[in-house]
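Asker: only geometry, no sequence info:
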Ligand SMILES: Cc1ncc(COP(=O)(O)O)c(C=O)c1O
Ligand SMILES: Cc1ncc(COP(=O)(O)O)c(C=O)c1O
Ligand code: FES
Ligand code: FES
């Protein structure tokens, strides 16, 4: 398993780390049990994401995905941000190792959650996504330490 | 481009081959390459070299020379010991006792046997990683044919009370195997005194080459072969002998066991300097494994609020090579079974770091790690929503 | 004391490691020793070196890279292939077909499986050591799960019609394993064209190091693990990889397969010079194995009236290293099962001599052997009561 140059850049210099004090939407997904939590803060003006920040507890791929995903939705409309897929995040990172794809799913999920948080706060119906039915997809491999 | 500073602190994963060891091996690749089974003079050197290595291993363990069998590594030795004893003693019983913190070479072998009609008890360990001797005694039934308990754990470094376990096993007439892959060359071992019936070792954990190990089989132990074929290793393990590898193993075990105590004194001083530094400088840190009965070079700590893979990647940026029990580093769902077995919650297990020191590590290495690690941990904590929650909770 | 001249003609037993191969291995002992499973930059060189070696093996066999699995040698590969397929396909059937002339790594594995409920058919071979394809076809039943037939025989050098066997196996839906330990690096192999499902090889038969081999497993073949444990080799073969060994195997197979034909042309010329010389100079001599379809370096002859071990000892006096199928050389009662299978009477089998030539052998070596061997054979014949009887009978 080897990370791309892009993943390494975003992991080593993650963009948009932090919190937004009075965020318009907050989404937290994952669970410390699985070793990954991602929290996204959105500042939204006129349906446009004017600022976004994240906090992530997780692996290199999770941190790089958070960084890339937040970059990708910054300045976009809420609708555009909703349609950002984990695959697009992974592609923007020049790919992720197969066992790490789920870390990018986390980013998609967290953005959806933050957007719905914003919509509910505004009194709108939350949008339906594929995550509403079940948890995110983890690969079942065993742990290895020599 | 300038080579980055490398501080290798992953000796429990594997060690470099010591120059003296490599030097001892070299004549056996291109010059004295004869097949030890051949009868001509030229091959006699090969035969002698192997018997000389066997002597050295026997001496290091206080075994007899004809009780040492060379293998292709630690995993093969573990597989052979467990499957071989299980299958050869099937009519006596089908019960095996092991622990929850064994290496996968033991655990997966036991699981495989479970599918083939064997029953396996996986003993718990306490929060320091030590097996409970009472639980062990109670687990033994008349169907029990084998107890397999590792000498020292590869992750948390905890050393088991092997002599006591050996005594119990011998008294109850059950064979006792110990996976000593992490212990050989690092802790004094006496198979006779400790009542060990079978013991696995691997050269690459004590500055010998990879791809060669050995199984000690006490005389009289009934065991099936794992690798059938030619008559090598007194008909117990087929295959043309890994001549240079075996010579290297012999040299390495000789070097590693000639002054274990003096050597460990130095290593422990270094390790404790590092451990104390970490505990002093980094809050919310927990030492995993036994505080005293642990491998001399082993440190295993958990940093709360952060995840191990990202920690390793950042350490790597500074040329520090280490290891973690986090699930993320292997792409699996669960963190290390060892860390879970000592009772760590998942998220604490995820934040674990193993630093295993070796012969070439220096005080400068230690101080370098201490100058880098706290900032890295802080950097990851600053990114962590768990840390954020924790800070908010504190207010 | 002056070193005796050494004429090594036992390359089928084992080869020296080529200097280029050793050179390729050297950096992986003391410098790039990182555990290939580790995630830090330092260990990436190890990972890459292994994948590079895997590519080389795949290329040599026309396999896919992810169909190559490294092992601790040829015997392990044979054991794994046969036991692994047998146990994983047990519900389909319990019948295995092999031959009477396999290496013990195959034969003893099959015998072991016979004790565990499997049935094994041992095919005959003709006087040249070739299996009968009709007998093979007739032996296949709906219970047959595996055919294991060696590519080339280690004693008599006979090469089997592997492509035809592969075709039969594929048509009948039976898995086909070939022990190609003697063939790899010496004969062109294409696992796809030849419909081979599993293939064993060992580096030390083609100028690579001892203690490392590989098993080719065609994608989709159901096979149990032989060595359980860590996730190395894509979870198929546990154990820290024998890094320098694997690198050496890769380099050796690359060198050995880059010009097999050109290389063999030279070797065959040399071999035939020796063989013709022997047949010309020594009466009552029989060539064993196929006259044409045989390994390029292999000579196997039987000298009537004499016994092989004493022959080897005398040759050894002259610095000639060779091998025999005589029972006496192994302390067993029966001579080589291979020689018996091709129909040799015991006493002829006892008088067999294998000379296996290699890359460094020269015309001078050949002429030296031809200057020494006839006298030695004669000396032993002069001592032999069988020869005496024969001479008396002739009168
Ligand atoms: C045909 C054949 N199969 C298997 C083996 C076993 O290989 P190894 O001794 O490397 O385990 C050998 C050589 O010894 C052989 O010649
Ligand atoms: C405790 C323990 N047992 C077994 C093994 C397996 O040894 P190897 O990888 O040499 O096969 C290891 C190391 O990897 C180990 O640490
Ligand atoms: S966060 Fe665990 S694998 Fe990415
Ligand atoms: S004559 Fe001595 S072993 Fe055969």
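Answerer: Okay, I see it. Every value quoted in this text rests on a predicted model; they were computed, and no experiment measured them. Ligands and ions are numbered 1, 2, ... in the order given.

Asker: Thought residue A:116 was touching residue A:82, still the case?
Answerer: No: at 9.1 Å, residue A:82 and residue A:116 do not qualify as touching, with contact defined as Cβ atoms under 8 Å. Just so you know, the C-beta spots here come from the backbone N, C-alpha and C atoms, and that holds for glycine as well.

Asker: more crowded one of the two?
Answerer: Ranked by neighbour count (other Cβ atoms under 10 Å in any protein chain shown), residue A:82 and residue A:116 place residue A:116 first, with 20 against 17.

Asker: any idea what sits nearest that one, other than its immediate chain neighbours?
Answerer: residue A:126 (3.9 Å; Cβ to Cβ, 6 or more residues apart in numbering or on different chains).

Asker: go on, residue B:144?
Answerer: Nearest residue to residue B:144, sequence neighbours excluded (Cβ to Cβ, 6+ apart): residue B:95, at 4.4 Å.

Asker: quick one, what contacts the closest residue to residue B:198 other than its chain neighbours?
Answerer: Closest residue in space to residue B:198, ignoring its immediate chain neighbours: residue B:177 at 4.0 Å, by Cβ to Cβ, 6+ apart. Shown in contact with residue B:177 (Cβ atoms under 8 Å, 6 or more residues apart in numbering or on different chains): B:81-82, B:85, B:146-149, B:196-200.

Asker: Centre-most residue in chain A?
Answerer: Closest residue to the average C-alpha location of chain A: residue A:107 at 1.7 Å, with Cα atoms, centre = their mean.

Asker: so what's that one scoring on pLDDT?
Answerer: With respect to pLDDT, residue A:107 has a value of 95.

Asker: Thought residue B:145 was touching the residue nearest to residue B:144, still the case?
Answerer: Yes: Residue B:95 lies in contact with residue B:145 (Cβ under 8 Å); the separation is 6.5 Å.

Asker: thinking again about what came up before, any idea what the residue nearest to residue B:144 is bridged to?
Answerer: Beta bridges link residue B:95 to residue B:119, residue B:144 when assigned by DSSP bridges.

Asker: about what we covered before: of the contacts of residue B:177 - the most surrounded one?
Answerer: Busiest of the contacts of residue B:177 [other Cβ under 10 Å] is residue B:200, holding 32 neighbours.

Asker: Look up how far residue B:151 lies from it.
Answerer: Residue B:200 sits 9 Å away from residue B:151, going by Cβ to Cβ, to the nearest Å.

Asker: what sits in contact with each of the two?
Answerer: By Cβ under 8 Å, 6+ apart, the residues touching both residue B:200 and residue B:151 are B:178-180.

Asker: Tell me which helix or strand in chain A has the weakest average pLDDT.
Answerer: Least confident helix or strand, chain A: strand A:25-31 with a mean of 93, by mean pLDDT, DSSP states H and E.

Asker: what angle sits between the helix or strand following it and strand A:25-31?
Answerer: Helices and strands here follow DSSP states H and E; after strand A:25-31, the next one along the chain is strand A:36-45. Angle of strand A:36-45 versus strand A:25-31, following axes from the mean of the first three to the mean of the last three Cα atoms, to 10 degrees, is 170 degrees.

Asker: Could you point out which residue ranges in chain B have low pLDDT?
Answerer: B:1-4, B:330-333 (pLDDT under 70).

Asker: rerun that using 90 as the cut-off
Answerer: Residues of chain B that meet the criterion pLDDT under 90 lie in B:1-5, B:326-335, B:394-395.

Asker: what residues does it put near ligand 1?
Answerer: B:239-240 (Cβ under 6 Å from any ligand atom).

Asker: Domain parsing of chain B, as residue ranges.
Answerer: Chain B resolves into domains spanning B:19-258, B:259-392 when parsed by the TED database.

Asker: what would the ones you listed look like in CSV with distance to residue A:7?
Answerer: Formatted as CSV, the domains of chain B follow (distance: least, Cβ to Cβ, whole Å):
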stretch, distance to residue A:7
domain B:19-258, 27
domain B:259-392, 10
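
Asker: neighbours of residue B:281, just the number please.
Answerer: 15.

Asker: distance of it from residue B:380?
Answerer: Residue B:281 is 15 Å from residue B:380, by Cβ to Cβ.

Asker: ditto for residue B:259
Answerer: 40 Å.

Asker: These two - which one has more neighbours?
Answerer: residue B:380 (24 against 10).

Asker: Helix, strand, or coil at the more buried one?
Answerer: When classified by DSSP: H, G, I helix; E, B strand; the rest coil, residue B:380 comes out as helix.

Asker: I'd assumed residue B:306 was in contact with it.
Answerer: Yes: between residue B:380 and residue B:306 there is a contact at 4.1 Å, judged by Cβ under 8 Å.

Asker: How about the contacts made by residue A:2?
Answerer: A:97, C:44.

Asker: Please give me every residue in contact with residue B:221.
Answerer: By Cβ under 8 Å, 6+ apart, the neighbours of residue B:221 are B:85, B:175, B:197-198.

Asker: same check, this time on residue B:244
Answerer: Residue B:244 makes contact with B:25-26, B:28-29, B:209, C:209-211 under the criterion Cβ under 8 Å, 6+ apart.

Asker: What residues does chain A have near ligand 3?
Answerer: A:35-36, A:58-59, A:61-62, A:100, A:103.

Asker: Need the buried ones from those residues selected in PyMOL.
Answerer: Only the buried entries of the residues of chain A next to ligand 3 go into this PyMOL selection, using 16 or more other Cβ atoms under 10 Å in any protein chain shown:
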select buried, chain A and resi 35+36+58+59+61+62+100+103
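
Asker: now residue 58, nearest residue through space, not along the chain?
Answerer: Let's take chain A. residue A:36 (3.8 Å).

Asker: nope, chain B please
Answerer: residue B:65 (4.5 Å).

Asker: next one: phi and psi at the one you found?
Answerer: Torsion angles at residue B:65 (phi, psi; degrees, to the nearest 10) stand at phi -60, psi -40.
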